[in-house]
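>>> Need coordinates for the below:
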Amino acid sequence: MTGRGNRFGLAVCPGVVALVLTVVGLSVFAGGADAANTRVSVGNFVWSKDPGIDLGEKVIWDWIGPDTAHSITGTGPGGVRVDSDPLTAYPSHPIGDTFDYTFEEPGTFTFACKVHASVGGTVTVSDTPGDPGSDPGPAPEVFWDDEAPQLEEVRPLDTRLIDGSSGELRFGINEKALADVEYYRVVKTGPRKRPRWVRRYAGYSEWQTFIGYNIVDYGIESETFPATPGRYVGLLRATDESGNIAGPVTFRFEIASPTAVR
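Now for the predicted structure:
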């Protein structure tokens, strides 16, 4: 059989061409396979995937934000010894931080954040020896959150509280955050003829918020607020998980003794 000439003037047999293309194709396929070691992004309160790897390979978790108060903590058989934050119950990582673990046993391992139980997933490890030196791929893009939450429609439903009772504080917010109110008692000071009103720090209350309309109890006596009768100013703030702060929004209220109400 006479072969056709290629651009370099060589005779090429069609059968040889087919064989070479087959070998090249197999080589390209093998080289283009997914990395054995792998990465999982932690952000927006979810894992990016539930990875599957082989024995001896590792998973790298990347905190990409904007939320970073999550741990990688084993919750099932074989996973209980894995913990990215063994010394604290309240994990917090800088954006771009990583944690990796090499899996030496086959099985399916479950993980959940210590603070947010829904932030987690599974890692499935086969019983086939893997390639510990494989490339896990590039680090993912991170998401910086430099915008403060938006506090809206802040309104105390009750502004005259009876000593021992609480009032309702209502407000809207556009992201999960830690809300707190600093209480300042307003007192009269100075000479009798020329008195002046000053604010003196009296304590605080705080609450975890959710996206949307929140109703919290404020002004009640606690370890952080004595709640004695008097006139007060409350300063409401909201701090998201990236440390951005909204507020303060000021409101006024009074705590009256039961005898003064009668």
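>>> Tell me where the stretch 51-200 of the chain has strands.
Using DSSP state E, counting those that start in this stretch, the strands found in the stretch 51-200 of the chain span residues 52-55, 58-63, 98-102, 107-112, 120-129, 151-156, 160-162, 167-173, 178-189, 196-208.
>>> residues making contact with the third one?
The reference is to strand 98-102. Identification of contacts with strand 98-102 by C-beta atoms under 8 Å, 6 or more residues apart in numbering yields 56-63, 72, 82, 84, 132, 139. For glycine as for every other residue, the C-beta is placed from the backbone atoms N, C-alpha and C.
>>> Would you mind listing which of those are buried?
56-63, 72, 82, 84 (16 or more other C-beta atoms under 10 Å).
>>> how many neighbours does residue 109 have?
Residues near residue 109, counting by other C-beta atoms under 10 Å, number 22.
>>> Please apply the same query to residue 183.
Neighbours around residue 183, by other C-beta under 10 Å: 23.
>>> residues touching residue 41, list them.
Residues near residue 41 by C-beta under 8 Å, 6+ apart: 47-48, 61-62, 64, 140.
>>> helix or strand for it, which one?
Assigned by DSSP states H and E, residue 41 belongs to strand 38-43.
>>> Show me the strands paired with that strand, marking each as parallel or antiparallel.
Applying DSSP bridges, strand 38-43 is found paired with strand 46-47 (antiparallel), strand 58-63 (parallel).
>>> Look over the buried ones among the contacts of strand 98-102 and name the one with the lowest pLDDT score.
Among the buried ones among the contacts of strand 98-102, residue 82 carries the weakest pLDDT, at 92.
>>> How about that one: what's its closest non-neighbour residue?
For residue 82, ignoring the flanking residues on the chain, the nearest one in space by C-beta to C-beta, 6 or more residues apart in numbering is residue 74 at 3.9 Å.
>>> Test my guess that that neighbour contacts residue 114.
No: checked against C-beta atoms under 8 Å, the pair residue 74 and residue 114 is beyond contact range at 11.1 Å.
>>> Among the buried ones among the contacts of strand 98-102, which pair sits farthest apart?
The most widely separated members of the buried ones among the contacts of strand 98-102 are 56 and 63, with 24.8 Å between them, by C-beta to C-beta.
>>> low-scoring stretches of the protein, by residue?
Within the chain, the segments meeting pLDDT under 70 span 1-35, 78-80, 259-262.
>>> Next, name the residue at the spatial heart of it.
What sits nearest the mean C-alpha location of the chain, by C-alpha atoms, centre = their mean, is residue 67, with 3.1 Å.
>>> Would you work out how far apart the start and end of stretch 130-150 are?
48 Å (C-alpha to C-alpha, to the nearest Å).
>>> Name the surrounding residues that touch it.
Applying C-beta under 8 Å, 6+ apart, the contact partners of stretch 130-150 are 35-39, 41, 43, 48, 53-58, 60, 62, 64-67, 95-96, 98, 102, 172-175, 177, 238-242, 244-246.
>>> try stretch 189-201
182-188, 233.
>>> Pull out the buried positions in that stretch.
Result for stretch 189-201 [16+ other C-beta under 10 Å]: no buried residues.
>>> Relative to the whole chain's centre, how far out is it?
Centroid separation for stretch 189-201 versus its chain: 45 Å, with C-alpha atoms, centre = their mean, to the nearest Å.
>>> Same question for stretch 109-128.
Worked out by C-alpha atoms, centre = their mean, stretch 109-128 lies 16 Å from the chain centre.
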